[in-house]
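> coordinates only, sequence not included:
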């Protein structure tokens, strides 16, 4: 199987070249957020507060890692179910995100928003927490440390596997499969 | 004859069970995955299974949890009525063992104390403990570490007693297709049939504790399990929902007596990371 190598920040041409079903290996900086962090971002925006990080042009990874053992960068760190973040898709894409990485289906609104914002949704390998942990070379908390595993981390990943699940044309790997 | 068991022993056993379930995949599940990998013709399905097999090797060697969602700790105990416990309240002992393990083994703590106010307890407690009193003097402890993604696609439907079995199979297929990639397939499916609504739900989870690969003792249900498995694997959902021949790795039914008006069917889907274990004391 041929993997496509992509690096972050991902430029618009690369994003446009990604097709539904393409297996990719991502290298570079990515930011993380899951349920609670999304809620916090929404609250801060509503309160008119500046965000402690810039999401413009970034990839956002839905993960809540297990604690790192001494001497390790991070614990198990596979993707969590993305559909829980569907209600936040519009907010996060308007902040300039170029792609999300998670696992599982997205709702039809998220699919439309991805087309509108010319962004992609990747699905990584759920339940491969140990395998994916080794693809993460550095990790630091950039916001909401008090949320523990739900904090926002900046990760540096090398050859992190993720499959294009929804491309900029709205092609969806999960819908495709059912149709076949 | 009374038999005495000290709760310290229970704590030690539960810690061992949690460690093994979090970092090791038993040989029967490893070989099931190798078999599934061979049967996949799609490159992405086969590659996904290869990654899961390698994940198990890394987890065991480097003591990194199999999955970052280290689960709710579900504990089933069958307690012989001739046992007398020494030490502390048995459920306190279980919770202490869970807290100690999740901290010591660097497992993620995923339990909030209240469903609406949502403060993490920081210990992965309370565990979800189910006890049954049985005859004799033995204590059977089974644990299941279950992630949120697969628990969130659980399902219950109350059928009419006259509904054909085919209708139940259709419902199961439909539930698995709707769940799609979210429960991290290939799944292990627990099915509770009969009882009351609550009993069926509990039985659907208990069914998963049957040793992996073991058939139902009743040939009628063993055959039904095979039929359900074949139907699920014809959906094409495949490993991680990317499409493929392996959507489920096993189906376990637990049936129970029920009311003349009722036919509850409950489904508990477990992800491919089937983290469980048991001991008899």
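Good, I have the coordinates. Please read all numbers here as calculations on a predicted model, not as lab measurements.
> Helix or strand for residue B:215, just tell me which one.
Using DSSP states H and E, residue B:215 sits within no helix or strand.
> What count of nearby residues applies to the closest residue to it other than its chain neighbours?
Once flanking residues are discounted, residue B:215 sits nearest to residue B:222: 4.6 Å by CB to CB, 6 or more residues apart in numbering or on different chains. C-beta here means a position set from N, CA and C on the backbone, and glycine is covered the same way. Applying other CB atoms under 10 Å in any protein chain shown, we find 14 residues neighbouring residue B:222.
> can you pull out the helices in the stretch 151-281 of chain B?
Here the stretch 151-281 of chain B has its helices, by DSSP state H, counting those that start in this stretch, at B:165-179, B:197-206, B:219-233.
> and those as TSV, adding distance to residue B:100?
Shown next, in TSV, are these (distance: least, CB to CB, whole Å):
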stretch	distance to residue B:100
helix B:165-179	34
helix B:197-206	24
helix B:219-233	37
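> Doesn't residue B:145 belong to a strand?
Yes: secondary structure of residue B:145 (DSSP: H, G, I helix; E, B strand; the rest coil): part of a strand.
> Can you tell me the closest non-neighbouring residue to it?
Of all residues not flanking residue B:145 in the chain, residue B:71 sits nearest, at 3.4 Å (CB to CB, 6+ apart).
> try residue A:38
Nearest residue to residue A:38 in three dimensions, chain neighbours excluded: residue A:88, at 4.3 Å (CB to CB, 6+ apart).
> Touching, that neighbour and residue A:36? I think so.
No: judged on CB atoms under 8 Å, residue A:88 makes no contact with residue A:36 at a distance of 11.3 Å.
> which ones are touching residue A:32?
Residues near residue A:32 by CB atoms under 8 Å, 6 or more residues apart in numbering or on different chains: A:60-63, A:65, A:152-155.
> Let me have the helices of the stretch 151-281 of chain B in JSON lines, adding mean pLDDT and distance to residue A:113 as columns.
Shown next, in JSON lines, are the helices of the stretch 151-281 of chain B (pLDDT from 0 to 100; distance: least, CB to CB, whole Å):
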{"stretch": "helix B:165-179", "mean pLDDT": "97", "distance to residue A:113": "22"}
{"stretch": "helix B:197-206", "mean pLDDT": "98", "distance to residue A:113": "36"}
{"stretch": "helix B:219-233", "mean pLDDT": "98", "distance to residue A:113": "32"}
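> Could you look over these and pick the most buried one?
Among the helices of the stretch 151-281 of chain B, helix B:197-206 has the highest mean neighbour count (mean count of other CB atoms under 10 Å in any protein chain shown), at a mean of 20.
> where are the low-confidence patches of chain A?
Applying pLDDT under 70 to chain A flags residues A:176-180.
> for it, what spans make up the helices?
Shown for chain A, the helices assigned by DSSP state H span residues A:12-17, A:35-46, A:89-94, A:108-117, A:129-133, A:173-179.
> buried stuff in the fourth one?
Residues A:110-111, A:113-114, A:117 are the ones in helix A:108-117 that count as buried (16 or more other CB atoms under 10 Å in any protein chain shown).
> circling back: the residue nearest to residue B:145: neighbour count?
29.
> I'd assumed residue B:149 was in contact with it.
No: shown here, residue B:71 and residue B:149 do not form a contact pair, counting by CB under 8 Å, at 10.4 Å.
> Which element, helix or strand, includes residue B:25?
Using DSSP H and E, residue B:25 sits within no helix or strand.
> what's the closest non-adjacent residue to it?
When the adjacent residues along the chain are set aside, residue B:25 lies closest to residue B:56, with 4.1 Å between them (CB to CB, 6+ apart).
> do the same with residue B:7
The shortest distance from residue B:7 to any non-neighbouring residue, by CB to CB, 6+ apart, is to residue B:87 (3.4 Å).
> Can you report phi and psi for that neighbour?
Backbone torsions for residue B:87, taken as degrees, to the nearest 10, come to phi 110, psi -120.
> got a pLDDT number for it?
Listed pLDDT for residue B:87 reads 97.
> Enumerate every residue touching it.
B:6-8, B:93.
> Next: residue B:71.
The contact partners of residue B:71, taken as CB under 8 Å, 6+ apart, are B:110, B:144-147, B:275.
> now it: how far from residue A:19?
35 Å (CB to CB, to the nearest Å).
> so where do the strands sit in the chain?
I went with chain A, as the question did not name one. Ranges of strands in chain A, per DSSP state E, are A:4-7, A:23-32, A:59-61, A:99-102, A:120-123, A:136-143, A:152-166.
> could you do chain B instead?
B:3-6, B:72-80, B:83-86, B:128-134, B:139-146, B:155-159, B:187-195, B:248-258, B:263-270, B:275-280.
> Quick one: the ones you listed as TSV, columns for distance to residue B:168 and mean neighbour count too.
Below are the strands of chain B laid out as TSV (distance: least, CB to CB, whole Å; neighbours: other CB atoms under 10 Å in any protein chain shown):
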stretch	distance to residue B:168	mean neighbour count
strand B:3-6	41	14
strand B:72-80	25	20
strand B:83-86	38	14
strand B:128-134	25	13
strand B:139-146	23	22
strand B:155-159	6	16
strand B:187-195	8	24
strand B:248-258	10	20
strand B:263-270	5	24
strand B:275-280	25	19
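> Quick one: those as TSV, columns for distance to residue A:161 too.
TSV is the format used below for the strands of chain B (distance: least, CB to CB, whole Å):
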stretch	distance to residue A:161
strand B:3-6	47
strand B:72-80	28
strand B:83-86	48
strand B:128-134	33
strand B:139-146	24
strand B:155-159	31
strand B:187-195	21
strand B:248-258	22
strand B:263-270	23
strand B:275-280	22
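> Out of these, the one nearest residue A:47 is which?
For these, proximity to residue A:47 was assessed by CB to CB; strand B:72-80 is nearest, at 33.7 Å.
> quick one: strands adjacent to that closest one?
Here strand B:72-80 is paired, per DSSP bridges, with strand B:128-134 (parallel), strand B:139-146 (antiparallel).
> If you compare the directions of it and strand B:275-280, what angle comes out?
Angle, strand B:72-80 to strand B:275-280, by axes from the mean of the first three to the mean of the last three CA atoms, to 10 degrees: 20 degrees.
> orientation of strand B:72-80 relative to helix B:197-206 in degrees?
Counting by the same axes, to 10 degrees, strand B:72-80 lies at 100 degrees to helix B:197-206.
> Run through who's touching strand B:72-80.
B:3, B:14, B:18, B:90, B:94, B:98, B:102, B:110-111, B:124-125, B:127-146, B:148, B:151, B:205-206, B:209.
> Same question for stretch A:37-54.
By CB under 8 Å, 6+ apart, the surrounding residues in contact with stretch A:37-54 are A:31, A:33, A:85, A:88, A:91-92, A:95-96, A:142-144, A:147, A:150-152, A:154.
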